[in-house]
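> model this:
(one chain, ligands or ions: 2)
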Amino acid sequence: MLSRSALRAVSNTRAFSSSASRQTKVAVLGAGGGIGQPLSLLLKLNPQVTSLSLYDIRGAPGVAADVSHVDTNSEVHGYPADQLDQALEGVKVVVIPAGVPRKPGMTRDDLFNTNASIVRDLASAVGRVAPDAHILVISNPVNSTVPIVAATLEKAGVFDPKRVFGVTTLDVVRASRFVGGIAEADPAEVAVPVVGGHSGPTIVPLLSQTPQGKGITGEVYDKLVHRIQFGGDEVVKAKDGAGSATLSMAYAGAKFTGALLRALNGEKGVTVPTFVKSPLYADQGIDFFSSLVELGPNGVEKIHPVGELSAEEQKLLDACLPELKKNIEKGKAFVA
Ligand SMILES: NC(=O)C1=CN([C@@H]2O[C@H](COP(=O)(O)OP(=O)(O)OC[C@H]3O[C@@H](n4cnc5c(N)ncnc54)[C@H](O)[C@@H]3O)[C@@H](O)[C@H]2O)C=CC1
Ligand SMILES: O=C([O-])CC(=O)C(=O)O
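Residues are numbered from 1 along each chain as shown. Ligands and ions are numbered 1, 2, ... in the order given. Below is the predicted model:
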């Protein structure tokens, strides 16, 4: 039988080896904002995050001090405007919600002029300081900011398509919630693949592929699709000039980050929609697309095709592709 001290030594070794294999430092760039603050809090609650690095041009040290008092194991550091490089040292996952949100009457594309350069400069710093990091882009317009990140990293010679993701999870979250409401089902049990991109007609929910959604037809179907495609506008209108979705987006961002961390740490079969460099419609000049993606220890493991579509869904996809192509080209042209 092992002595008490030998038992302690064994359990200490176990604790060390399990935490050593799961050392995950996550950075949030834009941590002082409407999304950044609750997202930082939710990431502090995730036991897979061992260190949280919070950066913003305004207010990140204060957010970090606040979040750091939450009684979970991870450490939290805040970095002011001039310490971006320090914020990125050793990070494995970088989540970017930096940039301006919409006001009523604006499209996501109207944010391009401001957010394109913010995202480009942040991506460039990640490429320089943490070239192996996974980058999760929340800043809008996602259809353009993801190609901007990819092109910026490509220019620096460090682009790996397995490690750049547009976070489209809020569309999936909305679809689950809205379908759950109609079908009187628990949203946690409703998984709707939402494919395409992240703006109005580029958001294509595949309701025929979910048991609770496939029976929805006629006017109810049309209204549901519209609500999923324009859920963001619903929030922008209700906030009446004070911004766009922040709390549901923080939830969605934490959900996607959590899924990626589980896959990076070895969990198999983690498959979620996300906007990535994709071969699915590359022959039509559309080389970024959101579809179900299996995540693995290196990021993107397998990109699934969209599968069988109903006639309505085919029409939605036909409307999505030209718009998406324009948005992607605009992002690429900005970096070129
Ligand atoms: N992907 C999605 O589904 C969604 C995306 N969004 C987008 O997320 C972005 C952020 O939205 P909110 O948090 O509501 O805006 P916000 O204005 O509340 O916060 C943005 C934060 O970014 C910071 N920031 C600006 N430039 C920066 C830089 N160069 N480096 C670091 N931080 C910088 C600001 O200081 C601010 O704290 C917007 O572009 C919005 O459209 C919003 C909801 C859903
Ligand atoms: O609508 C917006 O501008 C913010 C966003 O992307 C969303 O809520 O889906």
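> tell me which element Ser291 falls in.
strand 286-296 (DSSP states H and E).
> what's that strand packed up against?
Under the contact definition 3 or more C-beta pairs under 8 Å, 6 or more residues apart in numbering; DSSP states H and E, strand 286-296 sits against helix 142-155, strand 194-196, helix 247-264, strand 270-281, strand 299-303, helix 311-335. Placement of C-beta: from N, CA and C, glycine included.
> make TSV out of those and add distance to ligand 1.
Formatted as TSV, the helices and strands packed on strand 286-296 follow (distance: least, C-beta to the nearest ligand atom, whole Å):
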stretch	distance to ligand 1
helix 142-155	5
strand 194-196	11
helix 247-264	4
strand 270-281	9
strand 299-303	18
helix 311-335	13
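> redo the ones you listed as a markdown table? Include mean pLDDT and mean neighbour count.
Converted to a markdown table, the helices and strands packed on strand 286-296 look like this (pLDDT from 0 to 100; neighbours: other C-beta atoms under 10 Å):
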| stretch | mean pLDDT | mean neighbour count |
| --- | --- | --- |
| helix 142-155 | 98 | 26 |
| strand 194-196 | 98 | 29 |
| helix 247-264 | 98 | 21 |
| strand 270-281 | 98 | 20 |
| strand 299-303 | 98 | 17 |
| helix 311-335 | 98 | 18 |
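> is ligand 2 within reach of the strand holding Ser291?
No - using C-beta under 6 Å from any ligand atom, strand 286-296 never reaches ligand 2; the gap is at least 12.9 Å.
> for that strand, which positions count as buried?
Ile286, Asp287, Phe288, Phe289, Ser290, Ser291, Leu292, Val293, Leu295, Gly296 (16 or more other C-beta atoms under 10 Å).
> OK, contacts around the third one?
Phe288 is in contact with Asn143, Val146, Pro147, Ala150, Gly166, Gly197, Phe275, Val276, Lys277, Ser278, Leu324, Ile328, counting by C-beta atoms under 8 Å, 6 or more residues apart in numbering.
> need these in JSON lines (columns: distance to Glu312).
Below are the contacts of Phe288 laid out as JSON lines (distance: C-beta to C-beta, whole Å):
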{"residue": "Asn143", "distance to Glu312": "22"}
{"residue": "Val146", "distance to Glu312": "27"}
{"residue": "Pro147", "distance to Glu312": "28"}
{"residue": "Ala150", "distance to Glu312": "31"}
{"residue": "Gly166", "distance to Glu312": "24"}
{"residue": "Gly197", "distance to Glu312": "18"}
{"residue": "Phe275", "distance to Glu312": "22"}
{"residue": "Val276", "distance to Glu312": "25"}
{"residue": "Lys277", "distance to Glu312": "28"}
{"residue": "Ser278", "distance to Glu312": "23"}
{"residue": "Leu324", "distance to Glu312": "18"}
{"residue": "Ile328", "distance to Glu312": "24"}
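> from those, which are also near ligand 2?
Okay, of the contacts of Phe288, nothing touches ligand 2 (C-beta under 6 Å from any ligand atom).
> need the CA coordinates for stretch 119-126. CSV is fine.
Extracted C-alpha coordinates of stretch 119-126, given in CSV (Å, rounded to 0.1, in the frame of the first residue of the first chain):
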residue,chain,number,x,y,z
VAL,A,119,-9.0,44.1,-37.8
ARG,A,120,-6.1,44.2,-40.3
ASP,A,121,-3.8,45.8,-37.7
LEU,A,122,-4.8,43.4,-35.0
ALA,A,123,-4.3,40.4,-37.3
SER,A,124,-0.9,41.7,-38.3
ALA,A,125,0.1,41.9,-34.6
VAL,A,126,-1.1,38.3,-34.0
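> indicate the residue of the protein located nearest to ligand 2.
Of all residues in the chain, Gly232 sits closest to ligand 2, at 2.2 Å by C-beta to the nearest ligand atom.
> what strand or helix carries Asp233?
According to DSSP H and E, Asp233 maps onto helix 231-239.
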